[in-house]
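J.: Only the shape, not the letters, is given here:
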C-alpha cells in the first residue's frame, strides 16, 4: 500500500521569496507522484506529475518538483512566489499497478503568501 | 471540455433530511470517484466506480450514505438521513484508463444544521 506524508501543514512566505513544500511517500512498488493545488472554494487542479524519466518535473505557474527515489521524496518548489499562489497544496501517489484508480493524498499544506 | 460538473454547489439542510449530490464526469472518462473533505480528516475517498460499477465503497462512512451511477454520464451520492457531522465539501472526480491523474469537479459544500 502507498501513503503520503506532508510534513508541513502551514507554510507562510513573503511575496517573491522562494518556497519548498515537502512530501514524502512510502510504497513497495513503482510509483507515480502528483501535486495538486486547491484555490479557495475550488476543486483540486493538477499542478504537475512524475511518471518516469527525468526526476525534475516542471508544472504550471512556475512550480517544479524533484523525484528522489533514495529519499522517497517529491518536494515542490518555486523560486519566487506570488500572492496568487496562496492555496492548499496536496501531494498524491499512485502505483504503476493501479494507476489513477488508487490515488492516495497527503493531508495538504496551506501556503500563505504575505505581501 | 466542460470538466467535471457537480450540483448543487452549496446545500444547506436540516438534520434528518435527505440530501442528493450530483455529478457529471468528463465525457469519455469511465472511472468516477466521490471524495469528502473536512478540516479534521482531510480528503477521504468514499467510493469509486469503473464502467458504472462500484468497485470500492470501503470509505462510505455508514449505511446512511449510498451512491449510484446509472449511466456513464451521471452519478449521485445520497445521504439519508443527514446529520450535522456530514457537513463537508464533497468532490467528484473522473479519469480514464490511459490517464494517470484524476480530474476534480468544483465540489458541493454541504451544511447540515
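T.: Good, I have the coordinates. All values reported here derive from a predicted model rather than from experimental measurement. Numbers count the residues shown, from 1 in each chain, chains lettered A, B, ... in the order given.
J.: Taking chain B, what residue is nearest to chain A?
T.: residue B:104 (3.8 Å; Cβ to the nearest Cβ). For every residue, glycine as well, the C-beta is placed using N, CA and C.
J.: The residue nearest to residue A:12 when sequence neighbours are not counted: what's it in contact with?
T.: Of all residues not flanking residue A:12 in the chain, residue A:112 sits nearest, at 4.7 Å (Cβ to Cβ, 6 or more residues apart in numbering or on different chains). Residues near residue A:112 by Cβ atoms under 8 Å, 6 or more residues apart in numbering or on different chains: A:10-13, A:86.
J.: Among these, name the buried ones.
T.: By neighbour count, with 16 or more other Cβ atoms under 10 Å in any protein chain shown, the contacts of residue A:112 hold A:11, A:13, A:86 as buried.
J.: So which of those are in strands?
T.: Residues of those located in strands (DSSP state E): A:11, A:13.
J.: Output the buried ones among the contacts of residue A:112 as a markdown table; include the columns pLDDT and distance to chain B.
T.: Below are the buried ones among the contacts of residue A:112 laid out as a markdown table (pLDDT from 0 to 100; distance: Cβ to the nearest Cβ, whole Å):
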| residue | pLDDT | distance to chain B |
| --- | --- | --- |
| A:11 | 98 | 16 |
| A:13 | 98 | 22 |
| A:86 | 97 | 17 |
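J.: any chance you could read off phi and psi for residue A:101?
T.: phi -80, psi -10 (degrees, to the nearest 10).
J.: List the contacts of it.
T.: A:94, B:31, B:48, B:50, B:55, B:95.
J.: For the second one, which residues are in contact?
T.: Taking Cβ under 8 Å, 6+ apart as the contact definition, residue B:31 lies against A:100-101, B:48-50, B:94-97, B:102.
J.: Ok, the first one next?
T.: Listed by Cβ under 8 Å, 6+ apart, the contact set of residue A:94 reads A:2, A:31-32, A:34, A:100-104, B:100.
J.: nearest to residue A:54, of these?
T.: Checking the contacts of residue A:94 against residue A:54 by Cβ to Cβ gives residue A:32 as the nearest, at 14.2 Å.
J.: Tell me how many other residues surround the closest one.
T.: 22 (other Cβ atoms under 10 Å in any protein chain shown).
J.: On the strand side of things, show who it bridges to.
T.: In this entry, residue A:32 is beta-bridged to residue A:94, by DSSP bridges.
J.: Dump the buried ones among the contacts of residue A:112 to JSON lines, plus distance to residue B:9.
T.: Putting the buried ones among the contacts of residue A:112 into JSON lines (distance: Cβ to Cβ, whole Å) gives the following:
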{"residue": "A:11", "distance to residue B:9": "29"}
{"residue": "A:13", "distance to residue B:9": "31"}
{"residue": "A:86", "distance to residue B:9": "22"}
